[in-house]
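Asks: Sequence plus predicted model, see below.
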Amino acid sequence: MEQETVLVLFDRYADMVYRIALSYLRSPQEAEDVVQTVFLKLLESSMIIYPGKERAFLTKVTINHCKNLLTAAKKHEAISLDEVVLSVQPENRDIVHAVMELPEKYRAVVSLHYFEGYSFREISKFLHISISAVSMRLYRAKSILKKQLGGD
């Protein structure tokens, strides 16, 4: 892919790729590495991204790369999330911290739906699960968050 095209995509979608990677990996440094890797893959490949589908394409590539990293590293232990919430507005830090502590399957759905604005149908395609599974995971995540945060 041409460098100018990748630079335009980077300017437009780097923050989104970072947020998705952060929701999966829970490490700002690893999320930054994912952003770099995703866009380097675009530079080095001859992939064609259809106009209007850039966001979905980059989301899918990011999710797949994060899943590969998690599988390869067998990361299942909890890590400190203090660095994750530092860049968030003070009034939202508790919410972000609680979301980042959710199990991966719930955290991914919450991040994609609420933070990135994807529909249930789009999330079901990204994660290879049914729309009802997306709905159920979101419902369960909200229940967990409600208990953790107390109230609405």
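Replies: Yep, it's here. Nothing here was measured: the structure is a model prediction, and the numbers come from that model. Residues are numbered from 1 along each chain as shown.
Asks: ok, the closest residue to Glu54 other than its chain neighbours - how many residues close by?
Replies: Of all residues not flanking Glu54 in the chain, Leu9 sits nearest, at 6.0 Å (C-beta to C-beta, 6 or more residues apart in numbering). Glycine gets a C-beta too; all of them are placed from N, C-alpha and C. A count of nearby residues for Leu9, using other C-beta atoms under 10 Å, gives 20.
Asks: Now do the same contact list for Leu9.
Replies: 39, 42, 49, 54, 58 (C-beta atoms under 8 Å, 6 or more residues apart in numbering).
Asks: Pull out the buried positions in the strand or helix carrying Thr5.
Replies: Using DSSP states H and E, the element containing Thr5 is helix 3-25. Within helix 3-25, the residues that count as buried by 16 or more other C-beta atoms under 10 Å are 6, 9-10, 13-14, 16-25.
Asks: Check stretch 52-67 too.
Replies: For stretch 52-67, using 16+ other C-beta under 10 Å, the buried residues are 55, 57-63, 65-66.
Asks: can you list the domain ranges for the protein.
Replies: Following the assignment in automatic domain parsing, the chain carries domains at 1-77, 80-152.
Asks: Which helix or strand lies directly C-terminal to the lowest-mean-pLDDT helix or strand in the chain?
Replies: Lowest mean confidence among the helices and strands of the chain (mean pLDDT, DSSP states H and E): helix 82-85, at a mean of 47. Downstream of helix 82-85, the next assigned helix or strand under DSSP H and E is helix 93-100.
Asks: tell me the angle of that following helix relative to helix 3-25?
Replies: Counting by axes from the mean of the first three to the mean of the last three C-alpha atoms, to 10 degrees, helix 93-100 lies at 90 degrees to helix 3-25.
Asks: Check which helices and strands helix 93-100 is in contact with.
Replies: Applying 3 or more C-beta pairs under 8 Å, 6 or more residues apart in numbering; DSSP states H and E, one finds that helix 93-100 contacts helix 82-85, helix 104-110, helix 131-149.
Asks: most tightly surrounded among these?
Replies: Ranked by mean neighbour count under mean count of other C-beta atoms under 10 Å, those are led by helix 104-110, which reaches a mean of 20.
Asks: which residues touch that one?
Replies: Under the contact criterion C-beta under 8 Å, 6+ apart, helix 104-110 has outside partners 23-24, 63, 70, 99-100, 102, 123, 127, 134, 137-138, 140-141, 144-145.
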